[in-house]
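In: Test case, fold it:
(chains A and B)
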Amino acid sequence: MMQENKKEIESMQDPILEIRNLRVLFPVHKKWLPAVDGVDLTIQPGEITGIVGESGSGKSVMSQSVLRLRDHDTAVRYEGEILFEKENLLKWSLKQMRNIRGNRISVIFQDPLNSLSPVHTVESQLMEVLILHKKISKEEAKKKSVQMLKMIGIPNPENCMKKYPFELSGGMQQRVMIAIALACEPKLLIADEPTTALDVTIQEQILYLIQDLNKKLGMSILFITHDLGAVSNLCHSVKVMYLGQIVEDAKTEELFTHPLHPYTKGLLACIPHLAVERRKELPTIPGSVPSLSHIPEGCHFCTRCHEADERCRKMPPPVVEATPGHTVKCWKYAEGGKKNEVGV
Amino acid sequence: MLSYILKRILSLIPVLFVVSCVVFLVVYIIPGGPATALLGLEATPDQIEALNTELGFNRPFFVQYADWFVNVLKGDWGTSYFLHQSVLEAIGEYFLPTLSLAVLAQIFALILSVPLGILAAYRRGTALDVTAVSVSLVGAALPGFLLSMFLMLLFGVHLQIFPVAGYAGLEEGLAEHLRYLFLPALSLGIVQAAYLTRMTRSSLLEVLYKNFIQTARAKGIKESKVVLKYALKNGAPVILTAVGQSFGSLIAGTIVTETLFNIPGLGMLTLTSINRRDVFVIQGVVLFITLLYVLVNLAVDILYGFVDPRLRPGRK
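Out: Here you go, the predicted structure:
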């Protein structure tokens, strides 16, 4: 008990990752448009943080910004701060970034088959990170790689080392990706929809594996998904993202039992339940995510929100701490809003 | 693997059959024959007729073709009326300069195009990319003979570094051999480089947006390694195909260059043989070039397996 308390206090003091007022802008028709628009986020050591949102909500861009992966492909502008162990990564050169990538911060992507090079063996792609960051010999890297594959639950790892990605099943491919990502024992793992491209049964296995590895290795995880089911099982806290902004932030249980933002409520209502009458139509959120060039003036969600009023359309809503540790970006909960609904 | 190569070689037979048929037909159709050329302008129609009958050119088309084809299969490609040697001997003699020229030109083309194509793709949209694309467009549009003449004028006449024309066989020493081949090879190489640059650029552009490139970067790998290990190997099949095509056209398409630089190669042999209606030589050379072309493609197909395991025969 005491120890746990102590741990908690320690972790509260030193977050692994702290994102402060991050904006990520891309040039569209000669104008800089924000794909991420003022995100604040803190990840404690060992914590699994979920980011939920529809496609186009900016969750992937935000996570890639942490490693500055977009810098190579397109013109991109960052504002704000990304503090990893108190160092602002946005101030770093790409050369400095390379020492962190795959070493202290790793990523696993959505589609394992396309995320692995089809013409290189598992061995070549896995050993590479170890040789690069740990500065160890080929033989040592090989030994460590086999250990990694074994830990990740790949049967007959020696055999797997010699294989090409297309010779493995989707689940095995994603396990190899995870092995590559965790080979150098990173402090932070960014999992960008790691289960989206997989079969439902395999999804379960991969989620279980991630949870297990989190307990074993103690790295923090930024888990990006649109699968609310996965979030509820895995994450300690959840951030709901919409059009580049975090609209609601709470501990997982709190968010699922007391959702505040109309968007969160909408998302939760969309989860099909087996108990629900079969022929009943599933509720959906009307409309779709507007493009970057059509972001509404006030609250970003106002075009699709059935509770939006004049104020929502004119002025961006403030971030309100509804209950301790539970924040929401909505006029409804602001001072002078409909106070009686707070905490419902 | 072996059975795959064997299968591929067997499948060449119909191709060669069709090509030989077409070549034979074309030579059969064009006016004038070896008799006219042998006897000269003053020959009477009766004399020509008599020689044609003697040489067997008055027989029906299919009889002539079948006769030739069976002989080719037996290894007898006919005899030249003018060179006083068998067609195969003639090809053997004239092939070496062409092969040397093609290999050197291909080396020039690769040295010029692959690094430029990679850089242009990697720095897409920049001044370097635009320049590379425009230069390669000009290179592709420039007629080969014009380029050859520019090079002759510059390096041969003004700077006098290389001989203007001519050929030195390998027996005269490698340095001399290369000195004579340098200008024609450069001229052919530049034209091929124009094509290869664009192919390299476009294949790499496609690969550079693939997810595994992002994965490689996320691992912390240096950009040069990202490009050379991941992008280049994944783009290699397209580049290989282009190189195969380019080498094929270098072997088959050197007539103009060889004539300009006075190199006794297959191109020159073809041209003189056509002028003299030396039918068996024409047929032999075309068949030989077709065979080479197809074999180069086969080699490319086999090389695919080395760069891309998914294309390896026998792999699931």
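In: count of neighbours near A:Asn156?
Out: Neighbourhood size, A:Asn156 [other C-beta atoms under 10 Å in any protein chain shown]: 9. Using the backbone N, CA and C atoms, a C-beta is placed for each residue, glycine as well.
In: how about it, phi and psi?
Out: Backbone torsions of A:Asn156, given as degrees, to the nearest 10, read phi 50, psi 60.
In: how close does it sit to B:His158?
Out: Counting by C-beta to C-beta, to the nearest Å, the gap from A:Asn156 to B:His158 is 69 Å.
In: Tell me the span between the first and last residue of stretch A:301-309.
Out: The first and final residues of stretch A:301-309 sit 11 Å from each other (C-alpha to C-alpha, to the nearest Å).
In: interface residues of chain A facing chain B?
Out: Counting by C-beta under 8 Å from any C-beta of the partner chain, the residues of chain A close to chain B are A:67, A:69, A:72-73, A:97-103, A:106-107, A:109, A:111, A:114-120, A:128-129, A:132-133, A:164, A:166-167, A:177, A:180.
In: from those residues, which would you call buried?
Out: Among those, those scoring as buried are A:67, A:69, A:97-98, A:100-103, A:106-107, A:109, A:111, A:114-120, A:128-129, A:132-133, A:164, A:167, A:177, A:180 (criterion: 16 or more other C-beta atoms under 10 Å in any protein chain shown).
In: can you tell me which of these are in strands?
Out: Those of these mapping onto strands are A:Ser106, A:Val107, per DSSP state E.
In: residues making contact with the biggest helix by length in chain A?
Out: Counting residues, the longest helix found in chain A (DSSP state H) is helix A:200-217. When contacts are defined by C-beta atoms under 8 Å, 6 or more residues apart in numbering or on different chains, helix A:200-217 is touched by residues A:46, A:48, A:151-153, A:169-171, A:174-175, A:178, A:182, A:185, A:191, A:194-195, A:198, A:219, A:221, A:223, A:227, A:230, A:233-234.
In: Let's see that with 7 Å instead.
Out: Helix A:200-217 has contacts (C-beta atoms under 7 Å, 6 or more residues apart in numbering or on different chains) with A:48, A:152-153, A:170-171, A:174, A:178, A:182, A:185, A:191, A:194-195, A:198, A:221, A:230, A:233-234.
In: Could you do stretch A:64-77 as well?
Out: For stretch A:64-77, contacts defined as C-beta under 7 Å, 6+ apart pick out A:17, A:22, A:24-27, A:32, A:36, A:78, A:82, A:89, A:94, A:97, A:101, A:105, A:107, A:190, B:214, B:217-218.
In: For PyMOL, write the selection for the buried entries among the residues you listed.
Out: Remark: buried members of those, expressed as a PyMOL selection using 16+ other C-beta under 10 Å:
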select buried, (chain A and resi 17+22+24+25+26+36+78+82+89+97+101+105+107+190) or (chain B and resi 214+217+218)
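In: so of the contacts of stretch A:64-77, which ones are in strands?
Out: Going by DSSP E, the strands hold A:17, A:22, A:24-27, A:32, A:36, A:78, A:82, A:105, A:107, A:190 from the contacts of stretch A:64-77.
In: Mind picking out the helix or strand in chain B with the poorest mean pLDDT?
Out: helix B:34-39 (a mean of 73; mean pLDDT, DSSP states H and E).
In: mind listing what's buried in that one?
Out: Across helix B:34-39, burial judged by 16+ other C-beta under 10 Å covers B:Pro34, B:Ala35, B:Thr36, B:Ala37, B:Leu38.
In: Closest to chain A out of these?
Out: Nearest to chain A among those is B:Pro34, at 53.3 Å by C-beta to the nearest C-beta.
In: Could you verify my assumption that the closest one touches B:Arg277?
Out: Yes - using C-beta atoms under 7 Å, B:Pro34 makes contact with B:Arg277 at a distance of 5.0 Å.
In: Now for B:Thr79: which residues touch it?
Out: Contacts for B:Thr79 (C-beta under 7 Å, 6+ apart) come out as B:Ser86, B:Val87, B:Phe280.
In: Report pLDDT for it.
Out: Looking at B:Thr79, its pLDDT reads 82.
In: what do you get for A:Arg70?
Out: Looking at A:Arg70, its pLDDT reads 86.
In: Over to A:Ile221?
Out: pLDDT, A:Ile221: 95.
In: My read is that it contacts A:Asp192, right?
Out: No - contact status for A:Ile221 versus A:Asp192: not in contact, 11.2 Å apart, counting by C-beta under 7 Å.
In: ok, those two, which is more surrounded?
Out: Neighbours were counted for A:Ile221 and for A:Asp192 using other C-beta under 10 Å; A:Ile221 has more, 25 against 20.
In: hey, where'd the helices end up in chain A?
Out: For chain A, the helices defined by DSSP H cover A:2-13, A:59-67, A:94-100, A:112-115, A:122-134, A:138-151, A:157-161, A:170-182, A:200-217, A:228-234, A:252-257, A:262-269, A:310-314.
In: okay, these in TSV with mean pLDDT next?
Out: As requested, these are exported to TSV (pLDDT from 0 to 100):
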stretch	mean pLDDT
helix A:2-13	49
helix A:59-67	90
helix A:94-100	92
helix A:112-115	89
helix A:122-134	94
helix A:138-151	93
helix A:157-161	92
helix A:170-182	92
helix A:200-217	90
helix A:228-234	88
helix A:252-257	93
helix A:262-269	89
helix A:310-314	89
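In: quick one: buried residues of the helix or strand harbouring B:Asp67?
Out: When elements are assigned from DSSP states H and E, B:Asp67 belongs to helix B:61-74. Applying a neighbour-count criterion of 16+ other C-beta under 10 Å, the buried positions in helix B:61-74 are B:Gln64, B:Tyr65, B:Trp68, B:Val72.
In: Show me the contact partners of it.
Out: B:Ser20, B:Phe24, B:Tyr28, B:Gly56, B:Gly78, B:Gln283.
In: ok, the first one - contacts?
Out: Put plainly, it is B:Ser20. Going by C-beta under 7 Å, 6+ apart, B:Ser20 touches B:Phe69, B:Leu287.
In: Name the nearest residue to A:Gly229, ignoring sequence neighbours.
Out: Closest residue to A:Gly229 apart from its sequence neighbours, by C-beta to C-beta, 6 or more residues apart in numbering or on different chains: A:Ile271 at 6.9 Å.
In: quick one, phi psi at that neighbour?
Out: The phi/psi pair for A:Ile271 (degrees, to the nearest 10) reads phi -70, psi 120.
In: need the contact list for A:Ala250.
Out: By C-beta under 7 Å, 6+ apart, the contact list for A:Ala250 reads A:Ser237, A:Val238, A:Gly325, A:His326.
In: Would you list the buried entries among the residues you listed?
Out: Using 16+ other C-beta under 10 Å as the threshold, A:Ser237, A:Val238, A:His326 are the buried ones among the contacts of A:Ala250.
In: check contacts around A:His226.
Out: Contacts of A:His226 by C-beta under 7 Å, 6+ apart are A:Val52, A:Gly53, A:Glu54.
In: Take those and keep only those in strands.
Out: Using DSSP E, these in strands are A:Val52.
In: Just the buried subset of the contacts of A:His226, written out for PyMOL, thanks.
Out: In PyMOL, this line selects whichever of those come out buried by 16+ other C-beta under 10 Å:
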select buried, chain A and resi 52+53
